[in-house]
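*Asks:* Generate a structure from the sequence data that follows.
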Amino acid sequence: MENSTTPLSRRKSMIFVNLPVQDLKRSMDFFSKIGFDFNPMFTDEKAACLMLGENLFAMLLVDPFFQGFTKLPVTDTSKSVEVINALSAESPAEVDRIVDLALAAGGTVAYLVEDMPGMHSRNFKDPDGHIWEFMHMDLEAAGRV
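*Replies:* So this is what the prediction gives:
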């Protein structure tokens, strides 16, 4: 059982990354075409809960709703990067499949990536300019095991 003495790094936590979006339906359509689902319990006209993994979620929040959580200006993704959302994939083929689907759905390549020993990665920008990177790492081939 977890208690106040359990180190934070060992707790069973969930992560919710909050991202502003211009058009919630467009964003939901985009991620649905890639193969992601949404949690209907946390999805309405202002927000959609994108399920990225067992305990991994991205909350897609329409700009005015997102702005209600901060007094700081929202990043203009055409001029700067606020974060790179990097997710692992089960194989190099899955990396390629996901990114190819994203590009076919209207995403764009964010930047060119050179594979390193034991690692294959690719990326895309979603319709709101948020960067997503998918990668597969073979620790043995990378010399890390």
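
*Asks:* Now do the SS call for the spatially most central residue of the chain.
*Replies:* Per C-alpha atoms, centre = their mean, the C-alpha nearest to the average position across the chain is that of residue 85, at 4.4 Å. At residue 85 the chain is in strand, as set by DSSP: H, G, I helix; E, B strand; the rest coil.

*Asks:* quick one: pLDDT of it?
*Replies:* According to the prediction, residue 85 has pLDDT 95.

*Asks:* Please look at it and residue 17 and confirm they touch.
*Replies:* Yes - at 6.5 Å, residue 85 counts as touching residue 17 under the criterion of C-beta atoms under 8 Å. No exception for glycine: its C-beta is placed from N, CA and C like everyone else's.

*Asks:* Quickly list what's touching both of the two.
*Replies:* residue 58 (C-beta atoms under 8 Å, 6 or more residues apart in numbering).
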